[in-house]
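Trainee: Have a look at this prediction, sequence included:
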2 protein chains.
Amino acid sequence: MTMPVPARSDVLIIGGGLIGLATAWRTAARGISVTLCDPAPGTNASFAAAGMLTPVTELHYGEETLLGLNLASAKRYPSFVAELREASGGLDPGYTEAGTLAVAFDADDREVLSELHVFQQSLGLKAEWLSGREARRLEPMLAPGVRGGLLVSGDHQVDNRMLLAALFAALERDPNATIVRTKVAELTVSAAGDRATGVVLEDGTALSADQVVLSAGCWSGQIAGIPAELLPPVRPVKGQILRLAVPDVFKPFLSRTVRYVVRNNHAYLVPREHGELVLGATVEEQDYDTAVTAGGVYELLRDARELVPGITELPLIESRAALRPGTPDNAPLIGPTALPGLLYATGHYRHGVLLTPATADGVAEILATGTVPEALAPFSPQRFAVPGMRPGRVRRNER
Amino acid sequence: MTMPVPARSDVLIIGGGLIGLATAWRTAARGISVTLCDPAPGTNASFAAAGMLTPVTELHYGEETLLGLNLASAKRYPSFVAELREASGGLDPGYTEAGTLAVAFDADDREVLSELHVFQQSLGLKAEWLSGREARRLEPMLAPGVRGGLLVSGDHQVDNRMLLAALFAALERDPNATIVRTKVAELTVSAAGDRATGVVLEDGTALSADQVVLSAGCWSGQIAGIPAELLPPVRPVKGQILRLAVPDVFKPFLSRTVRYVVRNNHAYLVPREHGELVLGATVEEQDYDTAVTAGGVYELLRDARELVPGITELPLIESRAALRPGTPDNAPLIGPTALPGLLYATGHYRHGVLLTPATADGVAEILATGTVPEALAPFSPQRFAVPGMRPGRVRRNER
């Protein structure tokens, strides 16, 4: 079905990953007309991801502010997927609450988990320390040598591919939403340079809107027409990720997400209800390279084998690499920029799936009311403003 | 292009791997009409293979008879591909003469190669012992710890996929040859049960011929209608094999086929001129399972990394499993069976690519003249005749 492209909408969204798609859905649901532009929506990091909703297990020092948003978004998931199921005409977004177990390979790795546990407790987060034997009782496929673990009953998962499918269906059903599968060539601004006015597509089509949301992941810093001093500081962070199949004879293979530390490498296995086992992921600074490499696949399999030797029997059904949008402080850029009419919802790095509800609802609120929800205030794109550069002075791109 | 299926031909060939295709080509070239039946020709082991033509490097104790045929077939390759290039209208069959280097990881592995060298010398085969340093001088990507090697300048390679493409083209150009992309359901025999008369296809079409050649690889023992006592004793032997890409910046990565022994595991890397690097292969008894497994991929990458650490940087572009046709004595079954009109050209196990010229020319000779070339005599299917079972007494399959 090819829909006519509306020359004007209330809101234009550049980029159709989970963040852009969910923002489009939540915004259109408020009666605001939305056009989302992406040549291949739902195919990069959102498609590759493992879908872990694990704010407590993935806690990092110095990221306490982000933790607050992560927890809030995790808490919002049940109602978010319930509404999405309805809006999509009954599609299951694949959200399951089975908890997460983090385990350690050797004594040093156990120390890493133990320090994480202390940090979690200092923040009042719920996590239970288990001996190796207790961990194996929960997950019998764990190696006999496993050195203890951390059970986080509140850290869950969503099947990001089912979530994408539900979002596409919900957008298709919403008369206020349009997806244009064409690349955006340029942001357009007013003659005075004081306001974003829309975009020009790669095929030359000009689309106008009152507000433009940039949610183009690691490509967000490459959109022409954005004033140089406002360009978001996002960079691609490559992740290689594998998918294994669990034949019926081996089921249940794992009953919950298992994260593990092996010789100070962190990785994870996420079991899907339909029998897939997601094995991720490398974290590589390789610019925009998306090659699956012999070394990446080797390291993922090597570390997983140490903790869950039984994976060797499983079919390897997918090897993939995608690009996370990294930022200088590992936190996203969400909210209005210094250029009126231009908002960002990008830079979600390793937390795009988890932060989808909080980002989509928060940005929809800003678009509808002009007010930034308190929870999003710390993530204003304007925290990266370049001192001495006056926002609002727009240099027009030559075409 | 769909060609009409001739209801009658001089020769019917069941199975379109390299053996069946090359036999069809060589037979049709003699003016004999040939119909080859295969639902998916050129897609199993012939497509997956690495294309090594390495009779000397792959020498095994107790297989001296097979060595003779292997050497003869290797020697025939240059003229075989020259004729095929002409018959295909100029397609390059991808034959290259760059030699093969076998290297060892540790002292035990060096001992394995050293014993192989003694055995090679006892048979008058040409192979040169190299120190680790000499091996690295030839192939600078080898790990510093490599413990010596064996250079076999006469062991070469063919790109089996280019070879397949050239064979398809040659068959398409030959008016005596027809490929029918339908599965054979059954061999038919005369009313008296004393002669093979043709086949019935899965769609019910009956095709008749004076002679039928069975070259269905590991499925050769599953064709209905073949008298039970004549069924060839072939079994599937699974091989997992990877293909890496060598980006221009890393070229030349390897200049010749490198075989290696790592902790008594044997594997190999075969560089293609167009920049592919084939990494194989597991040898597994897994019935007809063709899953690529986490463990198979892991072991291939682990062992390759030990000898050629630089592979970690290379894109992994293909993971595949296919089924070799294994036999009780690891040697093929080539020639007439006890049932007149039925010939076998199957069970080539790990040497199908290497033995393609010798098998195709030999079988074409038998089909044309009724005489079995001396070199093929030791590989008669009748060496597996079941004592006490009278060949020729055919039990007709009920349909």
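Mentor: Received, thanks.

Trainee: residues near A:Glu299, how many?
Mentor: Using other C-beta atoms under 10 Å in any protein chain shown, A:Glu299 has 18 other residues around it. Just so you know, the C-beta spots here come from the backbone N, C-alpha and C atoms, and that holds for glycine as well.

Trainee: Would you mind measuring from it to A:Gly280?
Mentor: Distance of A:Glu299 to A:Gly280, given as C-beta to C-beta, to the nearest Å: 11 Å.

Trainee: now do A:Glu202
Mentor: Taken as C-beta to C-beta, the span from A:Glu202 to A:Gly280 is 32 Å.

Trainee: Counting neighbours around each, name which of those two comes out higher.
Mentor: More neighbours surround A:Gly280 than the other of A:Glu202 and A:Gly280, with 23 against 12 (other C-beta under 10 Å).

Trainee: Can you check the distance spanned by stretch A:348-356, start to finish?
Mentor: Taking C-alpha to C-alpha, to the nearest Å, stretch A:348-356 runs 9 Å from one end to the other.

Trainee: same question but for stretch A:20-39, I mixed them up
Mentor: End-to-end distance for stretch A:20-39: 13 Å, by C-alpha to C-alpha.

Trainee: how far is it from where the chain is centred?
Mentor: In this view, stretch A:20-39 has its centroid 17 Å away from the chain centroid, taken as C-alpha atoms, centre = their mean, to the nearest Å.

Trainee: just stretch A:250-267 next, same as before
Mentor: Counting by C-alpha atoms, centre = their mean, stretch A:250-267 is centred 20 Å from the centre of its parent chain.

Trainee: Quick one: mean pLDDT for it?
Mentor: Stretch A:250-267 shows a mean pLDDT of 96.

Trainee: Any residue of that stretch touching chain B?
Mentor: No - using C-beta under 8 Å from any C-beta of the partner chain, stretch A:250-267 stays clear of chain B, coming no nearer than 11.7 Å.

Trainee: So which bits of that stretch are buried?
Mentor: Within stretch A:250-267, the residues that count as buried by 16 or more other C-beta atoms under 10 Å in any protein chain shown are A:250, A:253-254, A:256-262, A:265-267.

Trainee: Distance to B:Leu316 added to the residues you listed, as a markdown table?
Mentor: What follows is these, written out as a markdown table (distance: C-beta to C-beta, whole Å):
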| residue | distance to B:Leu316 |
| --- | --- |
| A:Phe250 | 25 |
| A:Phe253 | 24 |
| A:Leu254 | 25 |
| A:Arg256 | 29 |
| A:Thr257 | 26 |
| A:Val258 | 24 |
| A:Arg259 | 24 |
| A:Tyr260 | 23 |
| A:Val261 | 25 |
| A:Val262 | 21 |
| A:Asn265 | 19 |
| A:His266 | 22 |
| A:Ala267 | 18 |
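
Trainee: Which of the residues you listed fall within strands?
Mentor: Under the assignment DSSP state E, these contribute A:Thr257, A:Val258, A:Arg259, A:Tyr260, A:Val261, A:Val262, A:Asn265, A:His266, A:Ala267 to strands.

Trainee: Check these and tell me the two furthest apart.
Mentor: Between any two of those, the greatest separation by C-beta to C-beta is 17.0 Å, found for A:Thr257 and A:Asn265.

Trainee: Where does pLDDT dip in chain A?
Mentor: Where chain A drops to pLDDT under 70, the residues are A:1-3, A:386-399.

Trainee: For it, just list every one of the helices.
Mentor: Along chain A, counting by DSSP state H, helices occupy A:18-28, A:45-48, A:64-87, A:107-122, A:132-138, A:160-173, A:294-307, A:356-369.

Trainee: At the geometric centre of chain A, which residue sits there?
Mentor: Residue closest to the average C-alpha location in chain A (C-alpha atoms, centre = their mean): A:Gly352, at 1.4 Å.

Trainee: doesn't A:Ala48 make contact with it?
Mentor: No - applying C-beta atoms under 8 Å, one finds A:Gly352 not in contact with A:Ala48, separated by 10.4 Å.

Trainee: in the sheet, who's paired with A:Arg243?
Mentor: Beta bridges link A:Arg243 to A:Val278, A:Glu318 when assigned by DSSP bridges.

Trainee: contacting residues for A:Ala368?
Mentor: A:Thr27, A:Arg30, A:Ile32 (C-beta atoms under 8 Å, 6 or more residues apart in numbering or on different chains).

Trainee: Scan those and report the most crowded one.
Mentor: Within the contacts of A:Ala368, most neighbours by other C-beta under 10 Å means A:Thr27, with 29 neighbours.

Trainee: What separation do you get for it and chain B?
Mentor: Going from A:Thr27 to chain B by C-beta to the nearest C-beta, to the nearest Å gives 39 Å.

Trainee: For beta bridges, what are the partners of the closest residue to A:Leu171 other than its chain neighbours?
Mentor: Of all residues not flanking A:Leu171 in the chain, A:Ala177 sits nearest, at 4.5 Å (C-beta to C-beta, 6 or more residues apart in numbering or on different chains). In this entry, A:Ala177 is beta-bridged to A:Val34, by DSSP bridges.

Trainee: Please name the nearest non-neighbouring residue to A:Tyr268.
Mentor: Leaving aside its sequence neighbours, A:Tyr268 sits nearest to A:Arg259 (C-beta to C-beta, 6+ apart; 4.4 Å).

Trainee: if I read this right, the one you found contacts A:Leu101, doesn't it?
Mentor: Yes - applying C-beta under 8 Å, one finds A:Arg259 in contact with A:Leu101, separated by 7.3 Å.

Trainee: Distance to A:Gln121 added to the ones in strands among the buried residues of stretch A:250-267, as TSV?
Mentor: As requested, these are arranged in TSV below (distance: C-beta to C-beta, whole Å):
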residue	distance to A:Gln121
A:Thr257	21
A:Val258	22
A:Arg259	18
A:Tyr260	21
A:Val261	18
A:Val262	24
A:Asn265	25
A:His266	20
A:Ala267	24
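
Trainee: residues touching the nearest residue to A:Leu18 once chain neighbours are set aside, list them.
Mentor: Take A:Leu18 and drop its neighbours on the chain: the residue closest to it by C-beta to C-beta, 6+ apart is A:Ser46, 4.2 Å away. A:Ser46 sits next to A:Gly17, A:Leu18, A:Ile19, A:Leu21, A:Asn160, A:Leu164, A:Gly352, A:Val353 when contact means C-beta under 8 Å, 6+ apart.

Trainee: residue contacts, A:Gly15?
Mentor: A:Gly15 makes contact with A:Leu36, A:Cys37, A:Asp38, A:Leu214, A:Ser215, A:Ala216, A:Gly217, A:Trp219, A:Ser220, A:Thr346, according to C-beta under 8 Å, 6+ apart.

Trainee: For it, which non-adjacent residue is closest in space?
Mentor: Of all residues not flanking A:Gly15 in the chain, A:Ala216 sits nearest, at 3.5 Å (C-beta to C-beta, 6+ apart).

Trainee: so how far is chain B from the one you found?
Mentor: Taken as C-beta to the nearest C-beta, the span from A:Ala216 to chain B is 25 Å.

Trainee: near chain B, which residues of the stretch 101-250 of chain A show up?
Mentor: Proximity of the stretch 101-250 of chain A to chain B is confined to A:Leu242, A:Leu244, A:Ala245 under the rule C-beta under 8 Å from any C-beta.

Trainee: ok, and the most crowded of these?
Mentor: With neighbours taken as other C-beta under 10 Å, the top of these is A:Leu242, carrying 25 neighbours.

Trainee: Could you check how many residues crowd around the nearest residue to it once chain neighbours are set aside?
Mentor: The spatially closest residue to A:Leu242, leaving aside those adjacent along the chain, is A:Leu279, at 4.3 Å (C-beta to C-beta, 6+ apart). For A:Leu279, the neighbour count with other C-beta under 10 Å is 26.
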